[in-house]
Every structure is written in C-alpha cells, then in structure tokens.
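Asks: sharing a model that was predicted from the sequence below.
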Amino acid sequence: HEPRGARAGALLPHHKMAVLSFVSFALLFLPYCSCHNLRVGGERFGRQLPDEPHNPRRIPDQCSRPQSIQITGHRGCGCSMPGCPSKAGVPENSMAAFVEAAMLGIDEVELDVWLTKDNKLLVFHGGESYDGGVLSETVVAPRTVKVEESTYDEMDKAGHLYLRVPWVESVRKLPQYCDKAVELPVADYAKASATEKQTFSEAYEKDTTVATYKGEKLKVPLLEDVFHTFCRPECPLRLAFNVEIKGSKPQATTEVLKLAEKYGGRECVRKISSFSWLPPDNAQTLCNDQKWKSKTELTQAEVEQCPNGFVPADLLANAKNGMGIEIGVLFNRGPAKAHLPSSDRMVAILHHFSANWAHVTYKAQFESWDRTVALHKANKKVLAWYGGHAEDPLETFEEQAAHGVDAVCCNQIEDAILEFCHLNQTASHGQQQQHEMLIPVPVSAPGVLVMGM
C-alpha cells in the first residue's frame, strides 16, 4: 500500500496539461451547440462549449468507471473559504466550480440555495438558516445584505453578487506568504496555529478581488441558470445535483421541485436535502423555540430531542415528490457538532420525511458506526459530508468505504476518486487471487471437489 501522496502525484500531473488544453480549445474555438453561451452568474459566457468533449477528466482511464462509493462534489468542486483543501482554484457554488466538477466526471454535485424576496433561487452557501441569508463569506458585499429580504435585481444592480477569489489567492498576497516556497497548510489545516488561521481569515475577508474564469467575472448564479447549462440532454457537460435548501422559506422547496420538473426531474436533481427540518412528535414546537439559538453546543439528550438545535422552518415537509428525487436529512448542524441522535430516532425521522438518505458529518461516523449499520438494516443510505473550513483526511475515505458508507460529499474530489479507485483495484486484485486459489481438483470419490490452497 504505497503512500497516498505518492500515488496521487504519480497519476495526476500528466493529465493537467491535457485538461487545460481541452478547456481553452473548448471555450474559445469549437463550434456552437444548442447548449452554448454558458451562463456565469447571470451573465452569458462569450465563449462556447464543444458538442462532444474529448474525455475531459483529470483522472486516469482505469478510474473512470463507477466506484463502489458515490462521490459528490461539495459546493461544486470543493469550498473556497479559509482552510478548504479544494484544488480547483475557483469559488465554491460558482459556474466555474460546476464546470470543473463536470470535467472530473463525478457522480453528482452538491450546491446550496436560498429563495430571494422575488422567489428566485440563488446558489450560495451563506450562514445560519435563521439569519436571512447574509451575503458574506465568498461574496464581495457588505454583511448587511440579506438574500431572503432582497430581490435578485436589487443585489445584482448594487454589485453585491460578485464572487471573491479563493482564500489561497488572498493569503498569497501577504508578504510572509507571497513566496510560493512557503507552504500553506492546505492539505492539513488542523496543523495551522490559531494565529495563522486568524491571519488567513482576515486576509480573505479584506480581499475584494473579484474572481474570474476564462476572462469573465464570476457572480453568484441562479439555480435555473445552473440547470439550464448542465441538465439539458444536448448539453456537452452534464451534471446531476444534490440541492441543499437553506433559509426559513418553505416555498424554496416548492420552487426547487418546479425547476427540477422543468429540467428533467431525477435526471437533473438526484437529491433534495436540508438542515432545516422539524422532527416528528412534540419536538416540532420545541425545536422552533428561539431559546435554542443561543446554544453553542448541545448535550446528547438535547440532540435526541432536536438533532439540529433551533430550526426556523421545516424545509423538508413538502419535499416528497413523484419524480423519484430522493430526500436527504442533514444532521450535525452547528451546536450539534459530531453528536447524532440514537439509531431508532434517526430511522424514525427518515421515515417521517419519506427520506432515503441520512447525511452526517464524517466526524460523527467515527463515533457512531452503529448508526450506519442500523440505517442500512432499515433500507436507508448514508452520506458522509465534509465541511467548509477543514481538511478532508484521506485516511477517512478508506474508513468510509470499509464501513459501507454509500456516498461522500467532499472537497478533495480528485483525491477521493483516486483513493476509492485504488481501494477498488486492491479489492478486485484480492478477489482475483482468491478465485485463482479455488481450483477444482478431481479425486477418486465421485462428487467430491478439493479446493487448492
């Protein structure tokens, strides 16, 4: 079992130039197709995509077949806030991030949506579901702007929808980090000191440089623009989405389902998920109580009652649909940290929402593998999600596969593909060896078969 870093380094570099060449050629010179003029945050790309792209993946051919575990790209091709290990070099939840994800050939992409005042779905992560969708983090905008209280045109005309460059670009502008020889803790952010982390966050927040992709400024996109670009059959770069619904407006779920139906149903939207849901029984009223907002950490008993603490509205109550779009119940929001309710409680919650998936942080998995076993016995699936401010430890991918987790939603997509590919190949090799050992040998007694050892 060779070092993971060595394996990734050996497999990836010679594919980089091919991808860059493909992108440049595709976007600048190839002929029009019915899916041309890629939208970038509400504006049209002035360049074209090919009718039939040549294998655009950065991944070796032997890893391009379906893996034993589903890989979902977190916020497109990985998050872009301080500490995130994404290698894409583009803002999260942007059109550029979705292009990069499509070129990796992954199973699906996770994105976040909020409903604006004029009922448009904005693709943006934001903060807490009860804060109105403050435009912060990845956007060059004042923290006073709230998505749920603003119309799309108001935010667009004020210039509040431009996306900032990823955090590494901001940090590299600082004198002490401008030398590329100075290594940033991208792969293992946990090793950074508290002072370093503070420096990185301040540099990122102060940097108002607008991100660009192929010469175009990037904006926060509308969900319909994303679906229009990646979900229609004639589109050369196809994606399926896991739409995470944010905020306090149940109407957001209805609007997502309307768009999904317009753009192919399950072919476009594989899952609808949310942290904002109210559990069955009397806890519904309890979890909507404002007193939960002040809690910074929940006890196990409180997690059993209200798994995600305070919830402003139930966004999964009307998620059930006739299109085959699966429902994912997200656990481990904020104060719950890595705590999960009991197995029976989780199964009951999933049944309540007719949900197929429990989405839990990978950290909770290491404390509660019994939950995975119980959910599988109940014919439910488990997705392990990786956060927006931390590394994706490669060794955890192997653990997830070993315990039968059905999917991961991660930032280091290329590393995940290579890791699961390697595990598949190792398992296949072991099965082949075992098969070769089972050689039938004829013996004198009729009907008796001796297996070679």
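Replies: It's in.
Asks: where are the low-confidence patches of the stretch 151-300 of the chain?
Replies: Residues of the stretch 151-300 of the chain meeting the criterion pLDDT under 70: 187, 282-284.
Asks: which residues of it fall in strands?
Replies: In the stretch 151-300 of the chain, the segments counted as strands under DSSP state E, counting those that start in this stretch are 212-213, 216-217, 241-245, 269-274.
Asks: could you dump those into CSV and include distance to residue 298 and mean neighbour count?
Replies: From N, CA and C alone the C-beta is placed, and that goes for glycine too. Shown next, in CSV, are the strands of the stretch 151-300 of the chain (distance: least, Cβ to Cβ, whole Å; neighbours: other Cβ atoms under 10 Å):
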stretch, distance to residue 298, mean neighbour count
strand 212-213, 40, 18
strand 216-217, 41, 16
strand 241-245, 21, 27
strand 269-274, 18, 26
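Asks: tabulate the ones you listed (CSV), appending distance to residue 86.
Replies: Conversion of the strands of the stretch 151-300 of the chain to CSV gives the following (distance: least, Cβ to Cβ, whole Å):
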stretch, distance to residue 86
strand 212-213, 14
strand 216-217, 20
strand 241-245, 17
strand 269-274, 20
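Asks: of the ones you listed, which is nearest residue 228?
Replies: Residue 228 lies closest to strand 241-245 among the strands of the stretch 151-300 of the chain, at 12.5 Å (Cβ to Cβ).
Asks: tell me the centre residue of this protein?
Replies: Central residue of the chain (Cα atoms, centre = their mean): residue 74, 1.8 Å from the mean position.
Asks: thought residue 408 was touching that one, still the case?
Replies: No: contact between residue 74 and residue 408 fails when scored by Cβ atoms under 8 Å: they sit 9.1 Å apart.
Asks: what touches both of the two?
Replies: Both residue 74 and residue 408 are in contact with 385, 386, where contact means Cβ atoms under 8 Å, 6 or more residues apart in numbering.
Asks: just the strands from the stretch 1-150 of the chain, written as ranges.
Replies: Under DSSP E, counting those that start in this stretch, the stretch 1-150 of the chain gives strands at 39-40, 43-44, 70-73, 108-115, 121-123.
Asks: among these, show the one with the smallest mean pLDDT.
Replies: Per-stretch mean pLDDT for the strands of the stretch 1-150 of the chain is lowest at strand 43-44 (a mean of 39).
Asks: and the nearest residue to residue 360 once chain neighbours are set aside, how far from residue 287?
Replies: Counting by Cβ to Cβ, 6 or more residues apart in numbering, residue 331 is the residue found nearest to residue 360 once chain neighbours are left out, at 4.9 Å. Residue 331 sits 13 Å away from residue 287, going by Cβ to Cβ, to the nearest Å.
Asks: comparing the two, which residue is more hemmed in?
Replies: The neighbour count for residue 331 versus residue 287, taken as other Cβ atoms under 10 Å, is higher for residue 331 (24 against 21).
Asks: what do residue 331 and residue 287 both touch?
Replies: Common neighbours of residue 331 and residue 287, using Cβ under 8 Å, 6+ apart, are residue 308.
Asks: show me where the stretch 101-250 of the chain has helices.
Replies: Secondary structure of the stretch 101-250 of the chain (DSSP state H, counting those that start in this stretch): helices located at 152-157, 167-171, 194-206, 223-230.
Asks: just the C-alpha atoms of the longest one, please, in CSV.
Replies: Extracted in CSV, the C-alpha atoms of helix 194-206 (Å, rounded to 0.1, in the frame of the first residue of the first chain):
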residue,chain,number,x,y,z
ALA,A,194,-4.6,29.8,15.8
THR,A,195,-2.6,32.9,14.8
GLU,A,196,-2.2,31.6,11.3
LYS,A,197,-5.8,30.8,11.0
GLN,A,198,-6.8,34.3,12.1
THR,A,199,-4.4,35.8,9.6
PHE,A,200,-5.8,33.7,6.8
SER,A,201,-9.4,34.6,7.6
GLU,A,202,-8.6,38.3,7.8
ALA,A,203,-6.8,38.3,4.5
TYR,A,204,-9.7,36.6,2.9
GLU,A,205,-12.3,38.9,4.3
LYS,A,206,-10.4,42.0,3.4
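Asks: that helix: how far from the chain's middle?
Replies: 24 Å (Cα atoms, centre = their mean, to the nearest Å).
Asks: which residues are contacting that helix?
Replies: For helix 194-206, contacts defined as Cβ under 8 Å, 6+ apart pick out 81, 82, 83, 164, 167, 170, 171, 173, 174, 185, 189, 192.
Asks: list the buried residues of that helix.
Replies: Judged by neighbour count using 16 or more other Cβ atoms under 10 Å, the buried positions of helix 194-206 are 196, 197, 199, 200, 201, 203, 204, 205.
Asks: now swap in the first one and tell me
Replies: Burial within helix 152-157, assessed by neighbour count using 16+ other Cβ under 10 Å, is assigned to 152, 155, 156.
Asks: can you tell me how far the last one sits from residue 103?
Replies: When Cβ to Cβ is the yardstick, residue 156 and residue 103 sit 28 Å from each other.
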